[in-house]
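Chemist: Kindly generate the corresponding structure for this input.
(chains A, B, C and D)
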2 protein chains.
Amino acid sequence: MTREPVAATEVFKALGDPIRWNIVQQMAQQEELACSILEDTLPVSKPTISYHTKILTQAGLIEVRKRGRNYFYSLRREVLRSLMDEMWLLAPGPRLVADGGEEPAERSERPALKAAVGDDSSRSAALLTW
Amino acid sequence: MTREPVAATEVFKALGDPIRWNIVQQMAQQEELACSILEDTLPVSKPTISYHTKILTQAGLIEVRKRGRNYFYSLRREVLRSLMDEMWLLAPGPRLVADGGEEPAERSERPALKAAVGDDSSRSAALLTW
DNA sequence: TCAGTAGTTCAACGAACGTCAATCTAACGG
DNA sequence: CCGTTAGATTGACGTTCGTTGAACTACTGA
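Modeler: Below is the predicted model:
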């Protein structure tokens, strides 16, 4: 589960490997990614994939769902966003403060991700302060 | 110099160590940090500090200035920001698109950092789209 | 000129990381 | 049932990482 927030350095370390970064990028576009796809797209063996997905899970970056004998992984975007929040503290710049949306995180429990990744052309606008 | 942009995973890896993350955080508040301060604040030996600062330099995260026999490090916030840009692609959300400011990066050559870190209460606002 | 200081580089070490073959476990299909 | 399949675990191996003492380099100040 890993409910308590993971240290930033651990998340950075998880992202600091080419294969894991590749996995995360695939997940960002796929909304839910079958393990078999990783086996096809990555140039490493099955145990190695298992190893990397475990690290990503421990870092809180992905969520695992088991359906029958298949595994599905999904990206936990809140973790990525809260990491960006921490980085923004170090390198401030233009950024939204109040968007009237959902709470920071720890709210959506089941994977119903539908964040605008570019598929539906929903454009929005808001006032920004910093 | 490291003018060509460093791979994202290398920057992540550089940030994925507690001591280096500590160094980066200190630099974010200090605007320019003397090496001697690191020796005082960090629980490791001098060679180890040298080792970590070299990694941060190779990742493009810090800039080194030598004055006499003293070394001064400064954070390259553009690198941190462009990394946030890449992360934002994976976890989109409210964010500024056009702020009428400078170009993305590769423009300011000498270290004249003065980004609002909280010292002078300059508040700004802009329209945001995503 | 020369002892002292700031910081780097070198050499070595144990610990952690990334990889795979072999094995195991659980679910499916007949 | 029992063979097959998806994927995780285990064990082993080579590589990289983080750390330090010792040696080195460059600057200072008297």
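Chemist: Please count neighbours and contacts with C-alpha atoms only from this point.
Modeler: Will do.
Chemist: Let me see the contact set for residue A:57.
Modeler: A:63, A:64 (CA atoms under 8 Å, 6 or more residues apart in numbering or on different chains).
Chemist: can you tell me the helix or strand for it?
Modeler: According to DSSP states H and E, residue A:57 maps onto helix A:46-58.
Chemist: okay, that helix in PDB with CA atoms only?
Modeler: These are the backbone C-alpha positions of helix A:46-58, laid out as PDB (Å, rounded to 0.1, in the frame of the first residue of the first chain):
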ATOM      1  CA  LYS A  46      10.900 -10.900 -17.400                       C
ATOM      2  CA  PRO A  47      12.600 -11.000 -13.900                       C
ATOM      3  CA  THR A  48      14.200  -7.600 -14.600                       C
ATOM      4  CA  ILE A  49      10.800  -6.100 -15.400                       C
ATOM      5  CA  SER A  50       9.400  -7.500 -12.200                       C
ATOM      6  CA  TYR A  51      12.300  -6.000 -10.400                       C
ATOM      7  CA  HIS A  52      11.800  -2.500 -11.800                       C
ATOM      8  CA  THR A  53       8.100  -2.500 -11.300                       C
ATOM      9  CA  LYS A  54       8.600  -3.400  -7.700                       C
ATOM     10  CA  ILE A  55      10.900  -0.500  -7.200                       C
ATOM     11  CA  LEU A  56       8.400   1.900  -8.800                       C
ATOM     12  CA  THR A  57       5.700   0.500  -6.600                       C
ATOM     13  CA  GLN A  58       7.800   0.900  -3.400                       C
END
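Chemist: What are the buried residues along that helix?
Modeler: A:49, A:52, A:53, A:54, A:55, A:56, A:57, A:58 (16 or more other CA atoms under 10 Å in any protein chain shown).
Chemist: Next: stretch A:26-33.
Modeler: Quick answer for stretch A:26-33 (16+ other CA under 10 Å): A:26, A:27, A:28, A:29, A:31, A:32, A:33.
Chemist: Quick one: list the elements packing against the helix or strand where the second one lies.
Modeler: The one in question is residue A:27. According to DSSP H and E, residue A:27 maps onto helix A:18-30. Applying 3 or more CA pairs under 8 Å, 6 or more residues apart in numbering or on different chains; DSSP states H and E, we find helix A:18-30 packed against helix A:46-58, strand A:70-75, helix B:77-90.
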